[in-house]
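>>> Got a predicted structure here, sequence first:
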Number of protein chains: 2
Amino acid sequence: MFAALGDPTRLAIFDRLADGKPRSISVLSDDADMTRQAVTKHLRVLEAAGLVQNHRVGRESQYAFCPEQLAEARAYLDQVAGRWESALMRLKSFVEEDPA
Amino acid sequence: MFAALGDPTRLAIFDRLADGKPRSISVLSDDADMTRQAVTKHLRVLEAAGLVQNHRVGRESQYAFCPEQLAEARAYLDQVAGRWESALMRLKSFVEEDPA
DNA sequence: TTTTTATGCAACTAAAAAGTTGCATTTTTT
DNA sequence: AAAAAATGCAACTTTTTAGTTGCATAAAAA
């Protein structure tokens, strides 16, 4: 999922969808400087990563923001940051111990 | 920087360094199932993304966890999540308004 | 000082990702 | 019914990324 957000085009699409409004492939392709097919591929990568959801309505396929995986990514980063913090703490108390 | 964490090998290295202990390239290569050179490349990608820091001591080059960019990533995800939340709020109040 | 250990550089190969093109299909619109 | 709009599928090219190999160098150890 970091890989999915790692591509600038995908990050831009994801960011754009964060306002909650679902958008069709063609709408998302309009202001991208690449083919509709390329955008389609990116959307599928985002979908596979669980970052967006897709449902077909009539002839168009709407992609919408999906918050679950986002939360998971945040949780992971928090966990790493937490480990780092406690490592710092241990280091600190090690330095401060044994004043003799 | 999402791209840097997007590779499983790099994520593993990064995760491992989160205990705060700096490690040399060879130490990090020992239990990786790839060449030392490959690990070196990954470390440089992580360094370029500001996720780890490197400093040479004697003949070995020690890589250590670097928290700044991590915080930035968290901030970004928080911001996206925040936008999503307020979009939900607006939608909710739109639905609830105008009971007439 | 000879030998090991830890690393860097550069050229190369291989594989995955990004993007394009052409054509077919389905749903709207006219 | 015919035309237009929105997609999907598949094959293909291009670019990047991952990983390897061989050789050179600097520091530490014997």
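Okay, I see it.
>>> Check which residues of stretch A:32-50 are buried.
By neighbour count on 16 or more other Cβ atoms under 10 Å in any protein chain shown, the buried set for stretch A:32-50 is A:39-40, A:42-43, A:45-46, A:49. No exception for glycine: its C-beta is placed from N, CA and C like everyone else's.
>>> same check, this time on stretch A:19-35
Using 16+ other Cβ under 10 Å as the test for burial, stretch A:19-35 gives A:20, A:22-25, A:28-29.
>>> Could you do stretch A:60-69 as well?
Buried, per 16+ other Cβ under 10 Å, within stretch A:60-69: A:62-63, A:65-67, A:69.
>>> what's the answer for stretch A:4-15, then?
A:4-7, A:10-11, A:13-14.
>>> of all those residues, which two lie farthest apart?
A:G6 and A:I13 (12.9 Å; Cβ to Cβ).
>>> Inside helices: which ones of the buried residues of stretch A:19-35?
A:25, A:28-29 (DSSP state H).
>>> For B:V80, state which of these is nearest.
Ranked by distance to B:V80 (Cβ to Cβ), these are led by A:L28 at 16.9 Å.
>>> is stretch A:77-85 anywhere near chain B?
Yes. Applying Cβ under 8 Å from any Cβ of the partner chain, one finds stretch A:77-85 touching chain B at A:77-78, A:80-81, A:83-84.
>>> ok, of these, which come out buried?
The neighbour count (16+ other Cβ under 10 Å) marks A:77, A:80-81, A:84 as buried among these.
>>> could I get those as TSV with pLDDT and distance to B:T35?
Converted to TSV, those look like this (pLDDT from 0 to 100; distance: Cβ to Cβ, whole Å):
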residue	pLDDT	distance to B:T35
A:L77	97	29
A:V80	97	26
A:A81	96	31
A:W84	96	28
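>>> check whether stretch A:30-39 contacts DNA strand D.
Yes. Stretch A:30-39 is in contact with DNA strand D by Cβ under 7 Å from any atom of the strand, via A:36-37.
>>> mind checking which helix or strand of chain A has the lowest mean pLDDT?
Using mean pLDDT, DSSP states H and E, the weakest-scoring helix or strand in chain A turns out to be helix A:68-96, at a mean of 90.
>>> Please point out which parts of that one sit buried.
Judged by neighbour count (16+ other Cβ under 10 Å), helix A:68-96 contains these buried residues: A:69-70, A:73-74, A:76-77, A:80-81, A:84.
>>> Check those residues one by one and keep those near DNA strand D.
Near DNA strand D, by the rule Cβ under 7 Å from any atom of the strand, you find none of the buried residues of helix A:68-96.
>>> Which residue does chain A have closest to DNA strand C?
Ranked by Cβ to the nearest atom of the strand, the top residue of chain A for proximity to DNA strand C is A:G58, at 2.1 Å.
>>> So that residue versus A:S24, what's the distance?
Note on A:G58: its distance to A:S24, by Cβ to Cβ, to the nearest Å, is 10 Å.
>>> What is the least confident helix or strand of chain A packed up against?
helix B:68-96 (3 or more Cβ pairs under 8 Å, 6 or more residues apart in numbering or on different chains; DSSP states H and E).
>>> chain center to the helix it packs on: distance?
Chain-centre distance of helix B:68-96: 20 Å, with Cα atoms, centre = their mean, to the nearest Å.
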